[in-house]
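A.B. asks: quick check, what structure comes out for this input:
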Amino acid sequence: MSTEAIFQTQLIQKAWEDPSFKAKLLSDPKAAIKEALGVLIPDHIQVRTVEEKSDELFLIIPPNPAGVIKSEAKERAIW
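C.D. replies: Residues are numbered from 1 along each chain as shown. Next comes the predicted model:
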């Protein structure tokens, strides 16, 4: 499991267990993450938190790595 997946799992678990944390995570995610896990998210990174309902599925499409200049990419690098 990646560091990002572990981080997300911790946040989701805490939101399920603590309604006040969930509310803060929805209204001010950066502050909630800093308070709960001590992780400071840089200003240039946007964090959006949405609550998925049982009849919804959110699919996140990451940036297309095709924009990476080939000369900068290492051969066999994992994106």
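
A.B. asks: give me the buried positions along the lengthiest helix in the chain.
C.D. replies: Among the elements of type helix in the chain, defined by DSSP state H, the one spanning the most residues is helix 3-17. By neighbour count, with 16 or more other CB atoms under 10 Å as the criterion, the buried positions of helix 3-17 are Leu11, Lys14, Ala15. The C-beta positions use only the backbone N, C-alpha and C, and glycine is treated the same way.

A.B. asks: just curious, which of those residues is nearest to Arg48?
C.D. replies: Ranked by distance to Arg48 (CB to CB), these are led by Leu11 at 12.9 Å.

A.B. asks: looks like the closest one contacts Leu25 (just checking).
C.D. replies: Yes - counting by CB atoms under 8 Å, a contact exists between Leu11 and Leu25, whose distance comes to 6.8 Å.

A.B. asks: quick check: neighbours shared by the two?
C.D. replies: Ile33 (CB atoms under 8 Å, 6 or more residues apart in numbering).

A.B. asks: what sits against Ala36?
C.D. replies: Ala36 neighbours (CB under 8 Å, 6+ apart): Leu11, Lys14, Phe21.

A.B. asks: can you get me a residue count around Leu26?
C.D. replies: Residues contacting Leu26 under the criterion other CB atoms under 10 Å number 14.

A.B. asks: report pLDDT for it.
C.D. replies: At Leu26, the model reports a pLDDT of 97.
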